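>>> Quick one, fold the following:
(one chain, ligands or ions: 1)
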Amino acid sequence: MEKLITIERHILELERAHPNATGVFTSLLYDIALAAKIIARETMRAGLTQILGMVGRMNVQGEQQMKLDVFANETIIRMNSTTGRVAVMASEEDDSIIVPPQPYCDIGQYALLFDPLDGSSNIDVNVSVGTIFAIYHRKTTSGPGALSDCLQPGRDLAAAGYVIYGPSNMLVYTAGHGVHGFTLDPSLGEFLPSHPDLRFPEKPKYYSTNQGNEHFWSTGVRRYTDWLQGVNPDEPSQPLAARYVGSLVADFHRNLLSGGVYYYSTDTKSTEGKLRLAYEAAPMAYIAQQAGGYASDGAQDILDIVPTDLHQRTALYIGTRSLVLKAEQYLRRYDSE
Ligand code: FDP
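Below you'll find the predicted structure:
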C-alpha cells in the first residue's frame, strides 16, 4: 500500500538521507509551504471578495483590503523574518534586498528569493497565478546577509520551487533530487504528495508564447515558431498546439505535465527580455533541469548566468530539452550576425 505522508514528512525523510543536515533547510521549506497555504487561502477568497465588491474598501476590521500581490509578499517576508534561517531575502515587489532584524540576519544560513505572485494580471480575471521561490546557501561568512548572497548563478541553488494557485493548489519543488509535486487537500489543510518524481514527457504537445509580440520578434524567433507550428518548409516537424495563460508558473506547469516549451524572447520592444533572472528564470530553470528539461536565454544555459542586478531581465526558453535546444539552434542560425 502506498504510504500517505504530508509535505513536511516528505522533506524530513529526504533530509534524513543527508547525515550532515541540521534541519534548518527542512524547516525553511516547511515555512514556505505554510506561507503557500496562507496565500492559497487568500487567493481563493479573492474571487469572492471581488464579487462582493470589497476590494479597495474597508474590511470588517476597518482595514483597507490589501491587493493580493502585496499580501503574498508580506506573508512570505513575515514568515521568514524572525526564524533565524534566512540571512537575506529579495522579492519582485521590493527594489532592494530585505534584511531580517538582528540577530536573525546574522545567524541565518540561507538567501531566499521569490516572486510572491507571478502572473498577477490574471488574478482579476480568476485565472491561475503562482509563487516562485529560490533558496541559496549564503556566501557571506558573517554579519547580515547581503546583496552578494542573492546574486548567485542558478547552478548554485540549494532548492527551488513554485506554488500554483488554480483549480487545486499545488506546490512543486526540487532540492536537487528530482522534482516533487504536492496537492493541497483543503479539508486537511495539508500538501499531500500527488506527483512524485516529475519528468517532462518524451513527446511534447504544446508551445506557449505571447504571439501578440510577433511583429517585434527577430527572424530566428519567427522561424523557430514556424518550426513549432510545423510550417517551416526547410525543416518539417510535427505541429504543436499553442497554449498561453500568461502566467509563467501555469504555463510551465502545464508543459511539465504534458511536454512543451514556454518562451519569452528579447524583441525590438524589450531588448533585455521580460522575465526576471534571479527569482523567475533561474529557479524555474533548476526545476526544468531536475525534470529532464532545459532552460536557455537563447544562447546559453540560464543556470550559468551570474546576475549582476537583483531585478535583471532575461529572455527565457524553457521546457522539453529538445525544443529548447532547437530554439538555440534557430537563434544561432538566423540572429547571430
Ligand atoms: P506578469 O507580468 O503578469 O507577472 O513574470 C512575468 C509574467 O507575468 C509571466 O508570468 C508571464 O508569462 C508573462 O509575464 C506575461 O507577459 P505578457 O502579458 O507580456 O504575455
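
>>> How about the backbone phi and psi for Ile98?
phi -110, psi 120 (degrees, to the nearest 10).

>>> beta partners for the residue most central in space within the chain?
The centre of the chain sits closest to Ile132, judged by Cα atoms, centre = their mean, with a distance of 3.3 Å. Beta-bridge pairing for Ile132 (DSSP bridges): Asp115, Tyr162.

>>> residue ranges of the strands in the stretch 101-250 of the chain, please?
Using DSSP state E, counting those that start in this stretch, the strands of the stretch 101-250 of the chain run over 110-118, 129-137, 159-165, 169-174, 179-185, 190-195, 206-208, 241-242.

>>> which one of the ones you listed lies closest to Ile318?
Between Ile318 and those, the tightest spacing by Cβ to Cβ is seen for strand 206-208, at 9.5 Å. C-beta: built from backbone N, CA, C; applies to glycine.

>>> Now do that closest one: which elements does it pack against?
For strand 206-208, the contact count by 3 or more Cβ pairs under 8 Å, 6 or more residues apart in numbering; DSSP states H and E identifies helix 219-229, strand 241-242, helix 248-258, strand 260-264 as packing neighbours.

>>> nearest to the ligand, of these?
Closest to the ligand of the helices and strands packed on strand 206-208 is helix 248-258 (Cβ to the nearest ligand atom; 3.5 Å).

>>> can you list the residues that contact that closest one?
With contacts defined as Cβ atoms under 8 Å, 6 or more residues apart in numbering, helix 248-258 is touched by 118-119, 122, 127-132, 162-164, 166, 170, 172, 179, 195, 198, 200-201, 204-206, 208, 243-245, 260-262, 275, 280, 284, 287-288, 291, 293, 318-320.

>>> Check whether it comes near the ligand.
Yes: Helix 248-258 lies within reach of the ligand by Cβ under 6 Å from any ligand atom, at 248, 251.

>>> Need the phi and psi values for Asp94.
phi -120, psi 130.

>>> ok, it - how many residues close by?
Counted by other Cβ atoms under 10 Å, the residues lying close to Asp94 total 14.

>>> How much space separates it from the ligand?
Per Cβ to the nearest ligand atom, to the nearest Å, Asp94 is found 15 Å from the ligand.

>>> Check what pLDDT that residue gets.
Asp94 is assigned a predicted lDDT (pLDDT) of 94.

>>> what does Leu310 give?
97.

>>> again, but for Ala90
pLDDT, Ala90: 98.

>>> and the residue nearest to His195 when sequence neighbours are not counted, bridged to which residues?
Distances taken as Cβ to Cβ, 6 or more residues apart in numbering put Gly181 closest to His195, at 2.9 Å, once the chain neighbours are dropped. Under DSSP bridges, the beta-bridge partners of Gly181 are Val172, His195.

>>> Check whether Gly181 really touches Asn169, as I assumed.
No: at 11.3 Å, Gly181 does not count as touching Asn169 under the criterion of Cβ atoms under 8 Å.

>>> And the two? Which one has more around it.
Between Gly181 and Asn169, counted using other Cβ under 10 Å, the more crowded position is Asn169 (23 against 20).

>>> shouldn't the more buried one be in contact with Leu184?
Yes: here Asn169 reaches Leu184: they are 4.1 Å apart, a contact under Cβ under 8 Å.

>>> Residues that sit against both of those two, list them.
Contact criterion Cβ under 8 Å, 6+ apart; residues shared by Asn169 and Leu184: 36, 40.

>>> Could you tell me which residues of the stretch 1-150 of the chain lie near the ligand?
Residues of the stretch 1-150 of the chain lying near the ligand by Cβ under 6 Å from any ligand atom: 118-121.

>>> In ChimeraX, select just the buried ones from those.
Buried members of those, defined by 16 or more other Cβ atoms under 10 Å, are picked up in ChimeraX with:
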select :118,119,120
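
>>> Columns pLDDT on top of the residues of the stretch 1-150 of the chain next to the ligand, output as CSV?
Below are those laid out as CSV (pLDDT from 0 to 100):
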residue, pLDDT
Asp118, 92
Gly119, 87
Ser120, 76
Ser121, 77
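
>>> and the residues of the stretch 1-150 of the chain next to the ligand as JSON lines, adding distance to Ser336?
Formatted as JSON lines, those follow (distance: Cβ to Cβ, whole Å):
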{"residue": "Asp118", "distance to Ser336": "30"}
{"residue": "Gly119", "distance to Ser336": "31"}
{"residue": "Ser120", "distance to Ser336": "34"}
{"residue": "Ser121", "distance to Ser336": "33"}
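
>>> Which single one of the residues of the stretch 1-150 of the chain next to the ligand is nearest to Val86?
Ranked by distance to Val86 (Cβ to Cβ), those are led by Asp118 at 20.2 Å.
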